[in-house]
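Asker: Sequence and predicted model, in that order:
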Number of protein chains: 2
Amino acid sequence: MQYEILEKINSPADLKQLPAGQLNKLALEITDYITKSVSLTGGHLASNLGVVDLTIAMHSVFDFQKDRLLWDVGHQCYAHKILTGRRELFKKLRQKDGLSGFPNPAESVYDQFAVGHAGSSIPTALGLALGAQKLGTNEKIVVFVGDASIVNGANFEALNNLGLAKRQMLIIMNDNSMAIDATQGAIAKFLSKVRLSHTYEDLRKTTNRILEHMPMFGKKMEDALENFKRTLRMAISPSRLFESLNIPYFGPVDGHDIGSLIEIFKAMSHLETPAILHVYTKKGKGFTPADDDPTRFHSTGPFKLNGDAAKTITTRKIFTDCFSDSIVELAEENKKITAITAAMSDGTGLAKFRKRFPDRYYDVGIAESAAVDIAAGQAKLGLKPFVCIYSTFLQRSFDQIFQEVSLQKLGVVFCIDRAGLVGSDGPTHHGLMDIGFLRMMPNIVLVAPANGIELKAALKFAAASDISVAIRYPKDYVEDELCREAFSQPFETGRSIIIRQGTTKLAVVAYGSMSIEALRAAEILKAENIDITVINARFAKPADGKIISMLEQGFSIITVEDHSTACGFGSAVLEAASAAGADCSKITVLGIGDEFVPADSRAGQLDTCGISAQKIAETIKNVIKVK
Amino acid sequence: MQYEILEKINSPADLKQLPAGQLNKLALEITDYITKSVSLTGGHLASNLGVVDLTIAMHSVFDFQKDRLLWDVGHQCYAHKILTGRRELFKKLRQKDGLSGFPNPAESVYDQFAVGHAGSSIPTALGLALGAQKLGTNEKIVVFVGDASIVNGANFEALNNLGLAKRQMLIIMNDNSMAIDATQGAIAKFLSKVRLSHTYEDLRKTTNRILEHMPMFGKKMEDALENFKRTLRMAISPSRLFESLNIPYFGPVDGHDIGSLIEIFKAMSHLETPAILHVYTKKGKGFTPADDDPTRFHSTGPFKLNGDAAKTITTRKIFTDCFSDSIVELAEENKKITAITAAMSDGTGLAKFRKRFPDRYYDVGIAESAAVDIAAGQAKLGLKPFVCIYSTFLQRSFDQIFQEVSLQKLGVVFCIDRAGLVGSDGPTHHGLMDIGFLRMMPNIVLVAPANGIELKAALKFAAASDISVAIRYPKDYVEDELCREAFSQPFETGRSIIIRQGTTKLAVVAYGSMSIEALRAAEILKAENIDITVINARFAKPADGKIISMLEQGFSIITVEDHSTACGFGSAVLEAASAAGADCSKITVLGIGDEFVPADSRAGQLDTCGISAQKIAETIKNVIKVK
């Protein structure tokens, strides 16, 4: 496709100059541009294609240099990026020195908050609204939030407090739920029911009604709203959902009718109160494979673009695959095992479990806090719940893990995928704090498997544990061939294993998959006649006392972890060494420093942070020099 | 008052034997018993008096040895404790080896979860319901939750997922909101409006209607519910609030009519689906001063009981008092300062600020997650928000602090009261993890003032900072006379101060109010001719490099903090020492170990944990011996 119109759009100002008749054509060009580009870079596809029309309409009305646009999660901001001067850079989406896959104020004045987690758009927007109210400024505030995110606890807390804002604040609820099956929770079901009861004709009528009644809005908001409500003829309306929250509700309207959306946005921008506009969109609109399989194309790697359903082909197994198989095996044996996820069935590898054990599988939607408490309740009755949440999102459950799991000494298993550096998703998605926030709590054992063999063993170990076990593993391929025998040693609480015996008084103590990097570092050093020992720690809590006795035996120790060095595994080793009165000056701690690591390949990030095999080897050579 | 009936009640089984005619008398006796006892021990008064009748009714119907009763927050469980065999022990409420002020499974089989934070009752109950469903057991599950807690994000997430439970689960919503003023958020306002529109006669009628229609419940739930709804004549009903969540709603009914409550509970216990019963109660019922001033008697120390409003008299200032004065002073000078709290205006010391600057004060109810995002939004516009949340409750905001504050590099100030050991509230309320979870995040400065002088200086320092500053201080009196001059040195980022210069190569490096304990320890040692140096660290991040150079100068260092030793201040010093290649074997880290510290006086807890002046002195003597 030629991008005749798109090529001329270098800012929203250019967009505002376009004749109305060209907007639909522009939408087609953007759709094509995103599809082709994402086929090369990977990224979120379906959700972005669904909101191209809406994004054009928003930028046609608002001026987001001054006005403020808040995205929830933010994975649906591609058209926004393309329209705000980042069209060329978009080709380097989620790559080193390229564009973030999420909003990023460092990239553009059009982005407000760097986000990636659900549930922040409404509370931050409320903060902006209160700020503007206090400062007496008149910028428009617009929230763009999906139906799956609006029910997150943090968003709900803000909705309940929306009355604090006595000024304009427009919440656009992008409803792309496809069917009752695909959604979680009562509100999603309710919205689906509403959706199924509507015809296209209904949407048209609602749009017209909103536009007819708009001139009356403003000071006389309340009367007008009553008037508007009276003209609603639909049997079930989400208005009652928002009425008890005292939030004026408008819609649903068609999210692909750019012309009408522009009129509605114009009219609603004059409201002097927060309001919700409910918009229907179709995930993956304009790209047949994404249309047919939006889950597959929710977040994708690069794929072959041939008009047919394209598949990315990988033969190597990642940790998630191993988890996926192992939990099903364990659950076959142990009927008490249940699995709980927060809207991440595919991402966490639970799809197979869900299929095999539908009555032991729970998806609570984007509700990580509640997910952990639900697990705690199940564990209280003697079940063995496995809570599967990415490291970064488990931060939402910190207090629940403390009060409902650790304090009660309940045996919940935490399967923490995406622990460590995650590559292209960048800073919002790295899982660099889980060791730290978990090891402050009593009654939780912390484990990290080095590969697929160990992940399986760790899960088995966790299933048999009376107290809680947290297992962290990265977004990476497993390496199950290297030193296979060593890794196959059984798991015992708090016991590390030697995976390579060296002849010098130098040992790398690696946590989790860093064991593989450490083994490779040992190979590099071997070529230079430096023969080091490599220990796979397996446990960060309780940590193996053997590590401390090695210090006493005169070893120099280099700890390596894919985690913040503050409060991490190495920090735990330092604490234990200090408590034992050992000489910690012989310990070198490698991990992620006190800064945010930008998007890149995971391998690139490991290298940047000094924990790739090559960099570990270099550090060891320096340690030797100092000695 | 004689406790003629109460004396015979040693278990709920005894209660079930009582003639119905004696239940109101029992309620009076329990009310008197609680009032007299709490006047001696301190504790939550008003909320407990309000639910005596309800508690009697619940225990008359359910058997909570088998059935499961979940309290939200749990501060309203006194009558429950008294009725479940803990009448005598209740006299030692919140004391060492006495009863916890909150539910505690270690005390009684009648308690399910040890709680103290809001928002866990519905998700844990949902977990129990799903567990019972899976295991095929038929115990009844009852949630007791207040109107202020039900809107917490975690509870909302569970309400939205209640449909997962296909069995009985009764949620009793204890609505004791007194007026629109006293409540926060749209739902609270809505409930207040409903309440004001109801007469006692309405409640009576609703009760009768529920009872009339109950025989029809069970399998034919839906028809019956429709039927019930049709008979509701009230203009506004909270039913619509719960309808979109698809949760059957009953009420409101009178929470002080024990006889009717028993009938309703009996009837509702047969429902084969989750349902909400809305109950009106009066906070502080039966005790005039609490009745008149429920805020004052929400959580109280011991007080004088003379029939009139009693006052606890304290002349010494606590950290909260100093904060209260200082923030008002700062805000007089700096118009950009705002203050945000999560339902803790009095507790955090913001009452004065609220009065002085009503338009710069925001109370968002029990919604710590949203509170931080709202602050982030305000900071984005250049305001200077001070977020005032207790350390333990700030755990709810971990992910928001990470994504919306640290990652954006925004200048939010966190005023973390109740940091460290909190005395009588026990394990759920200690704030022992804030240093750890905050110091993993870039762009946040961590400060702890030693006393009132320093708290004032720290707040001033924070107000002037471009990036975020987190200030922690304990629930304790301030000591502003000791070494007054030393403490008056100006605050500079990352600079510790010497508050006592010794002659030996021994230094205590104390964080926050532990400086005072350390000075007292130095006095104790002085008497034994041991002359140590005391350093007040002031900053945990960035930590002062001077501490590390002291190691190099041959000092032995003892770090002291009122925080978990895992990931705490001492751990940060170890990390810095290790990074500098210094000998950490000369560092001794004192703080709270890997276990939960039970209720006691704060002084008692400091001593138990080895961080009282006396215990610090003893440790130092041991350090000398080893040397």
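Answerer: Thanks, I have it.
Asker: mind listing the strands for the stretch 201-350 of chain A?
Answerer: Per DSSP state E, counting those that start in this stretch, the stretch 201-350 of chain A carries strands over the ranges A:249-254, A:274-280, A:337-341.
Asker: Likewise for the stretch 451-600 of chain A?
Answerer: Along the stretch 451-600 of chain A, counting by DSSP E, counting those that start in this stretch, strands occupy A:468-472, A:497-500, A:506-510, A:533-536, A:539-541, A:556-564, A:587-592.
Asker: Quick one: those as TSV, columns for distance to B:Ser197, mean neighbour count and mean pLDDT too.
Answerer: Every residue, glycine included, has its C-beta placed from N, CA and C. Below are these laid out as TSV (distance: least, Cβ to Cβ, whole Å; neighbours: other Cβ atoms under 10 Å in any protein chain shown; pLDDT from 0 to 100):
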stretch	distance to B:Ser197	mean neighbour count	mean pLDDT
strand A:468-472	47	27	98
strand A:497-500	69	20	97
strand A:506-510	66	27	98
strand A:533-536	67	26	98
strand A:539-541	55	25	98
strand A:556-564	54	27	98
strand A:587-592	57	24	98
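Asker: where does the residue found closest to A:Phe539 once you drop the neighbours it is linked to in the chain sit relative to chain B, distance-wise?
Answerer: Spatial nearest neighbour of A:Phe539, chain neighbours left out: A:Gly494 (5.0 Å); criterion: Cβ to Cβ, 6 or more residues apart in numbering or on different chains. Look at A:Gly494 and chain B: by Cβ to the nearest Cβ, to the nearest Å, they are 13 Å apart.
Asker: is it possible to export the strands of the stretch 451-600 of chain A to JSON lines including distance to A:Asn152?
Answerer: Listed next are the strands of the stretch 451-600 of chain A as JSON lines, based on distance: least, Cβ to Cβ, whole Å:
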{"stretch": "strand A:468-472", "distance to A:Asn152": "23"}
{"stretch": "strand A:497-500", "distance to A:Asn152": "41"}
{"stretch": "strand A:506-510", "distance to A:Asn152": "36"}
{"stretch": "strand A:533-536", "distance to A:Asn152": "37"}
{"stretch": "strand A:539-541", "distance to A:Asn152": "30"}
{"stretch": "strand A:556-564", "distance to A:Asn152": "25"}
{"stretch": "strand A:587-592", "distance to A:Asn152": "27"}
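Asker: Of the strands of the stretch 201-350 of chain A, which is nearest chain B?
Answerer: When the strands of the stretch 201-350 of chain A are compared for distance to chain B using Cβ to the nearest Cβ, the nearest one is strand A:337-341, at 6.9 Å.
Asker: And the following helix or strand past that closest one, what does it pack against?
Answerer: Per DSSP states H and E, the first helix or strand lying C-terminal to strand A:337-341 is helix A:351-356. Counting contacts by 3 or more Cβ pairs under 8 Å, 6 or more residues apart in numbering or on different chains; DSSP states H and E, helix A:351-356 packs against helix A:319-333, strand A:361-363.
Asker: Return the most buried member of the ones you listed.
Answerer: By mean neighbour count, with neighbours taken as mean count of other Cβ atoms under 10 Å in any protein chain shown, strand A:361-363 ranks first of those at a mean of 21.
Asker: what comes into contact with it?
Answerer: With contact meaning Cβ atoms under 8 Å, 6 or more residues apart in numbering or on different chains, strand A:361-363 is reached by A:184, A:338-343, A:345, A:350, A:353-354, A:371, A:374, B:130, B:164.
Asker: Confidence-wise, which of these comes last?
Answerer: Among those, A:Gln184 carries the lowest pLDDT, at 81.
Asker: Contact partners for the closest residue to that one other than its chain neighbours?
Answerer: Spatial nearest neighbour of A:Gln184, excluding adjacent residues (Cβ to Cβ, 6+ apart): A:Gly365 at 3.5 Å. Residues in contact with A:Gly365 (Cβ under 8 Å, 6+ apart) are A:148, A:151-152, A:183-185, A:188, A:342-343, B:157, B:160-161.
Asker: same question, A:Leu407
Answerer: By Cβ under 8 Å, 6+ apart, A:Leu407 lies in contact with A:443, B:114, B:427-428, B:596.
Asker: Same list, the strands of the stretch 201-350 of chain A, but as CSV with mean neighbour count and distance to A:Ile558 please.
Answerer: Shown next, in CSV, are the strands of the stretch 201-350 of chain A (neighbours: other Cβ atoms under 10 Å in any protein chain shown; distance: least, Cβ to Cβ, whole Å):
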stretch, mean neighbour count, distance to A:Ile558
strand A:249-254, 23, 59
strand A:274-280, 24, 54
strand A:337-341, 25, 36
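Asker: Switch the ones you listed over to TSV; also include distance to chain B.
Answerer: Formatted as TSV, these follow (distance: least, Cβ to the nearest Cβ, whole Å):
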stretch	distance to chain B
strand A:249-254	11
strand A:274-280	11
strand A:337-341	7
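Asker: got the ones you listed as JSON lines, with distance to B:Ile548 columns?
Answerer: Converted to JSON lines, the strands of the stretch 201-350 of chain A look like this (distance: least, Cβ to Cβ, whole Å):
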{"stretch": "strand A:249-254", "distance to B:Ile548": "59"}
{"stretch": "strand A:274-280", "distance to B:Ile548": "51"}
{"stretch": "strand A:337-341", "distance to B:Ile548": "45"}
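Asker: Find the nearest non-adjacent residue to the residue in the stretch 101-250 of chain A positioned nearest to chain B, please.
Answerer: For the stretch 101-250 of chain A, the residue closest to chain B is A:Gly127, as judged by Cβ to the nearest Cβ, at 1.9 Å. In this structure, A:Gly127 finds its nearest non-sequential neighbour in B:Gly377, 1.9 Å apart by Cβ to Cβ, 6+ apart.
Asker: so which strand or helix has the one you found?
Answerer: Assigned by DSSP H and E, B:Gly377 falls within helix B:368-380.
Asker: about what we covered before: pull the most distant pair out of the contacts of A:Leu407.
Answerer: A:Asn443 and B:Thr428 (14.5 Å; Cβ to Cβ).
Asker: the more surrounded of these two?
Answerer: Neighbours were counted for A:Asn443 and for B:Thr428 using other Cβ atoms under 10 Å in any protein chain shown; B:Thr428 has more, 24 against 17.
Asker: A strand includes the more buried one, no?
Answerer: No - judged by DSSP: H, G, I helix; E, B strand; the rest coil, B:Thr428 forms no part of a strand; its state is coil.
Asker: Now it: closest residue in space that isn't a chain neighbour?
Answerer: B:Gly116 (2.7 Å).
Asker: Which strand or helix spans that neighbour?
Answerer: Here B:Gly116 sits in a region with no helix or strand, counting by DSSP H and E.
Asker: give me the number of residues near it?
Answerer: There are 25 residues near B:Gly116, going by other Cβ under 10 Å.
Asker: Was I right to think it contacts B:Val422?
Answerer: No - the criterion here is Cβ atoms under 8 Å, and B:Gly116 misses it with B:Val422 at 10.1 Å.
Asker: Now for the residue lying closest to A:Gly131 once chain neighbours are set aside, how many residues are close by?
Answerer: Leaving aside its sequence neighbours, A:Gly131 sits nearest to B:Leu381 (Cβ to Cβ, 6+ apart; 3.6 Å). B:Leu381 sits with 20 neighbouring residues when counted by other Cβ under 10 Å.
Asker: just to revisit the earlier point, need the mean per-residue confidence for the following helix or strand past the helix holding B:Gly377.
Answerer: Of the helices and strands lying after helix B:368-380 in sequence (DSSP H and E), the nearest is strand B:384-388. The average pLDDT within strand B:384-388 is 98.
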